[in-house]
Structure formats: C-alpha cells, structure tokens
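Peer 1: sequence and predicted structure are below.
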Amino acid sequence: MNLLTDKFSKLGCDNAPGQEGRQHVSEIQFRGEKIPGVPVDFSHGDVNTNAFEPTPGALEEFIAGVKRGGEVAYTEYRGSSSTREDLAGKLAKFTGAIVSADNGLIITPGSQGALFLAMGATIGRGDKVAIVQPDYFANRKLVEFFDGELIPVRMDYLGSTKDTGLDLTQLEDAFKAGARLFLFSNPNNPAGVIYSATEIRAIADLAQKYGATVIVDQLYSRLLYDGRTYTHLRAMDINPDNVITIMGPSKTESLSGYRLGVAFGSSTIIDRMEKLQAIVSLRAPGYSQAVLKTWFSEPTGWMDERITLHQAIRDDLLMKFRPVEGVKVRTTEAGSYIFPRIPELAVTTQEFIKILRLQAGVTVTPGTEFAPYLTDSFRLNFSQNHEAAIHAIERIVELIERYRK
C-alpha cells in the first residue's frame with residue numbers, strides 16, 4: 001500500500017455522523033419485526049421547527065448580507081473586519097481574556113474548518129500530538145492526515161463524578177515523550193462532561209512547563225446544565241501564544257447550515273491558518289458571516305430557555321436508559337450528547353447500530369468513532385423533538401432486550 005492510499009484508508013467516514021446511509025447491511029440477521037415510530041437521527045441535532053430553530057434574526061441577517069452584495073461576498077480571507085471587531089469583544093467577555101480582532105481571530109467555514117486549519121498550522125510530519133480518548137471523531141483522523149504521531153491520553157468519564165477523569169499522568173508522559181501539541185474538546189464530545197477548574201489549571205501548568213501548544217474546542221461551552229461553572233483555558237496563567245480556542249454557533253444556536261466557526265488566540269497560528277484557508281476555501285461563506293451579528297446577541301431569556309428545554313430532554317432520556325440492566329451512562333453536564341455503554345449483545349455494536357436504523361428508525365454514532373476501544377458504546381445528540389426522542393429511546397431499549405446475549 002503506497003503512502004497516499006494508506007493515508008486515505010485511515011479517513012473512513014461510513015460510520016461518521018450523516019454517513020449512515022452508505023453502510024453495507026446485507027450480512028445482518030434480524031430478530032423480529034420492525035418497530036414503528038417517528039424516525040430520529042441522533043447523529044446530529046435537529047434544527048427544524050418541531051425541534052430547535054436557529055437563533056432569532058439569523059435568516060434576516062443572511063438576507064441583508066445578500067442584499068449588500070460584494071462587500072459581504074468578498075471579505076478578507078480571515079473574515080469581515082467589522083464582524084471580527086464585533087466578535088472579539090463578545091468572545092473576550094465570554095472567555096475572560098483579550099481577543100485581538102486584527103491579529104488574533106479568524107472566521108472559518110464551520111468549526112470543523114477551524115479545526116482543520118488549526119491542526120494544519122501546528123502539525124509537521126512526524127510531530128507527536130497528544131489527544132484525549134474518547135474525543136471528537138475528527139481529531140485522531142486529522143493527526144494521521146497531517147502525518148503526525150498520535151499519543152492517546154485516556155479519560156475515565158464513567159469512573160469519575162467530580163471531573164472528567166482525564167489521566168493527567170498520561171498527559172505529562174505524552175509531553176515528556178515529545179508531544180508539543182495537545183488537542184481536546186471541552187465539554188468533551190462525546191461524553192458531555194466538563195473539565196473541572198483543577199483539570200484546566202493542570203493542563204495549563206503542563207503546557208507551560210513543556211512549552212506545548214494547546215487547541216481547545218469549546219463548541220458547546222454555552223450550553224451548561226444544573227448551574228455548572230466553566231473554566232476557560234485561555235483565562236489561565238498560560239502563554240497566550242500557545243493557545244487556540246475554537247467555537248461556533250452551529251450547535252447550541254442551531255446555525256449549523258450556515259457553516260460558521262471561529263478560532264482565536266495566538267496571532268502566529270492565526271496567520272498560518274489564514275494562509276491555509278486561502279488555498280482551501282479562500283474565506284468562510286460571505287453572506288453567512290453576516291449571521292454572526294446575532295451570535296451572543298440573542299434576545300433576553302433565549303439562552304436560558306434553550307438550556308431548560310435541552311436539560312428536560314436529557315433528564316427524560318436518562319430515565320429511560322438507567323433501569324436497563326447492563327447500561328452505564330453518565331449524566332451530561334454540557335452540550336447535547338449522551339454516551340451510553342451497553343451490555344454484551346448477540347451481535348456486534350456496529351451491527352446493532354445498523355439494526356437500530358433499519359428496525360427502529362433510530363440513527364446513532366458508534367463509540368469507535370471517538371476511541372478505537374469503545375466497541376460497546378454509541379453517541380446520541382439529544383437536541384431533538386422531545387417526544388420523538390423519548391419514543392426513539394424506548395425503541396432502542398426494546399432492541400437491546402431483543403438482541404441481548
């Protein structure tokens with residue numbers, strides 16, 4: 001196998017969110033009949049009117065952007081200067097540290113685009129990169145695509161209640177072994193747990209000690225439950241030139257279709273990201289950039305209501321899972337993911353996930369997308385129609401019992 005073939009063989013995406021329809025299913029032996037019900041796709045949130053609609057005013061700002069024409073369509077590669085100026089103030093207030101609109105912020109095509117650019121700007125061939133397992137499915141693939149050497153750091157999210165369970169000893173060992181880049185999501189995707197202040201302080205101290213760069217994906221940092229607090233890494237005592245924070249309005253604000261993300265922090269890395277963006281997509285979609293005017297400017301009470309509605313769905317879904325023998329699940333602290341571990345079945349989890357889709361109309365994402373060893377888990381995005389989500393979990397539970405070993 002040559003280098004290029006090997007590289008792309010590691011980028012398999014048939015099991016990634018939204019790709020389930022490309023899976024092969026002919027080998028599955030089904031038990032029983034289909035279970036009727038409204039189909040629910042838990043691989044991503046539902047942004048339709050019967051679930052969670054985009055931020056008020058988003059469409060109007062998009063249309064206004066279209067009417068303004070070229071000045072919006074052809075922004076600087078790093079995004080509209082006026083939009084960056086507006087965002088810098090909002091993001092600085094939210095994260096507790098200064099953001100430079102001129103040198104320290106770039107608007108990207110989605111937070112996925114920001115992640116690609118940030119990794120491309122910081123990984124050279126053979127560089128060692130520490131990543132958490134489990135964590136966002138693209139992290140591992142990006143390290144491999146950019147020819148980096150991956151060093152996994154375990155998180156025992158089911159074995160801890162006061163923090164995420166990140167193995168800080170493994171993280172320091174990774175730095176001792178030569179890793180100079182650490183990438184993690186906070187809250188963790190898929191486990192939905194928030195790094196404690198103690199953990200964030202420890203990460204900052206270790207990065208400072210070993211001169212490492214840290215990329216932190218904070219996509220869900222506004223959607224916090226049960227009055228929990230959140231600690232921003234960039235507000236810690238850490239060299240600001242070694243930190244990149246990634247955020248975006250696609251999840252909590254349901255603006256995914258506009259494909260918007262932002263990265264902010266180190267001016268050196270942001271400069272590299274702009275050069276990379278210039279040869280990948282030139283800029284984030286111009287008319288969509290206008291929509292960022294609504295971000296962090298939602299009507300009073302809008303975010304509180306969104307949190308309340310998500311928390312109610314979380315609680316109802318957990319109540320359905322918890323009585324099932326052999327199912328282990330930690331309460332989601334932030335974001336919209338539930339990540340249950342299921343009991344041993346007569347089929348593999350990969351097969352069971354296909355069974356869920358074909359026999360119950362329920363789509364989930366396999367745990368192996370987030371860590372190779374998590375063959376007994378799957379992730380659900382519960383940002384859905386409340387009633388449909390409850391009935392979908394009931395169908396999942398019924399099929400767990402039907403296929404139990």
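Peer 2: All right, it came through fine.

Peer 1: alpha carbons only for contacts and neighbour counts from here, please
Peer 2: Fine.

Peer 1: domains of the protein?
Peer 2: 3-53+301-403, 58-294 (the TED database).

Peer 1: JSON lines for those, including mean neighbour count and mean pLDDT?
Peer 2: Listed next are those as JSON lines, based on neighbours: other Cα atoms under 10 Å; pLDDT from 0 to 100:
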{"stretch": "domain 3-53+301-403", "mean neighbour count": "18", "mean pLDDT": "92"}
{"stretch": "domain 58-294", "mean neighbour count": "20", "mean pLDDT": "96"}
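
Peer 1: biggest helix in the protein by residues?
Peer 2: helix 302-321 (DSSP state H).

Peer 1: what is whatever helix or strand comes next after that one packed up against?
Peer 2: Counting by DSSP states H and E, the next helix or strand C-terminal to helix 302-321 is strand 337-338. Here strand 337-338 touches strand 378-381, going by 3 or more Cα pairs under 8 Å, 6 or more residues apart in numbering; DSSP states H and E.

Peer 1: what pairs with the strand it packs on, parallel or antiparallel?
Peer 2: strand 337-338 (antiparallel), strand 365-366 (antiparallel) (DSSP bridges).

Peer 1: distance from the last one to the middle of the chain?
Peer 2: When C-alpha coordinates are averaged (Cα atoms, centre = their mean, to the nearest Å), strand 365-366 and its chain have centres 14 Å apart.

Peer 1: what lies in contact with stretch 33-40?
Peer 2: Contacts to stretch 33-40, defined as Cα atoms under 8 Å, 6 or more residues apart in numbering, come from residues 358-363, 384, 388-389, 391-392, 395.

Peer 1: Asp135 contacts Pro187, doesn't it?
Peer 2: No - the pair Asp135 / Pro187 is not scored as a contact, 9.8 Å apart, by Cα atoms under 8 Å.

Peer 1: and the helices in the protein?
Peer 2: All helices of the chain, identified by DSSP H, fall at 3-9, 58-68, 70-73, 81-95, 110-120, 137-145, 168-176, 197-210, 267-280, 286-289, 302-321, 349-360, 386-403.

Peer 1: still on that earlier bit, would you turn the contacts of stretch 33-40 into CSV with distance to Glu61?
Peer 2: Output for the contacts of stretch 33-40, formatted as CSV (distance: Cα to Cα, whole Å):
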residue, distance to Glu61
Leu358, 40
Gln359, 42
Ala360, 39
Gly361, 36
Val362, 34
Thr363, 33
Gln384, 25
Ala388, 31
Ala389, 31
His391, 36
Ala392, 35
Arg395, 40
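
Peer 1: just curious, which of these is nearest to Glu144?
Peer 2: Thr363 (27.3 Å; Cα to Cα).

Peer 1: now the closest one, nearest residue through space, not along the chain?
Peer 2: Leaving aside its sequence neighbours, Thr363 sits nearest to Asp41 (Cα to Cα, 6 or more residues apart in numbering; 4.6 Å).

Peer 1: do the same with Leu260
Peer 2: Using Cα to Cα, 6+ apart, the closest residue to Leu260 is Gly110 (3.9 Å).

Peer 1: residues contacting the spatially closest residue to Val324 that is not a sequence neighbour?
Peer 2: Once flanking residues are discounted, Val324 sits nearest to Val397: 7.4 Å by Cα to Cα, 6+ apart. Contacts for Val397 (Cα under 8 Å, 6+ apart) come out as 320-321, 324.

Peer 1: 10 Å instead?
Peer 2: 320-321, 323-324, 327, 342, 391 (Cα atoms under 10 Å, 6 or more residues apart in numbering).

Peer 1: and Met319, by the same measure?
Peer 2: Contacts of Met319 by Cα under 10 Å, 6+ apart are 313, 390, 393.

Peer 1: can I get these in TSV with distance to Arg228?
Peer 2: Compiled in TSV, those are given as follows (distance: Cα to Cα, whole Å):
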residue	distance to Arg228
Ile313	18
Ile390	25
Ile393	26
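
Peer 1: of those residues, closest to Glu172?
Peer 2: Minimum distance to Glu172 across the contacts of Met319 is 37.6 Å, recorded for Ile313 (Cα to Cα).

Peer 1: quick check: the closest one touching Leu380?
Peer 2: No - Ile313 is beyond contact range of Leu380, at 11.9 Å (criterion: Cα atoms under 10 Å).

Peer 1: what do these two both touch?
Peer 2: 336, 389.

Peer 1: now Ser111, nearest residue through space, not along the chain?
Peer 2: Per Cα to Cα, 6+ apart, closest to Ser111 is Gly261, 4.0 Å.

Peer 1: verify the stated contact: that neighbour with Gln289.
Peer 2: Yes - if you go by Cα under 10 Å, Gly261 and Gln289 touch, sitting 9.4 Å apart.

Peer 1: joint contacts of those two?
Peer 2: Common contacts of Gly261 and Gln289, defined by Cα under 10 Å, 6+ apart, comprise 107-109.
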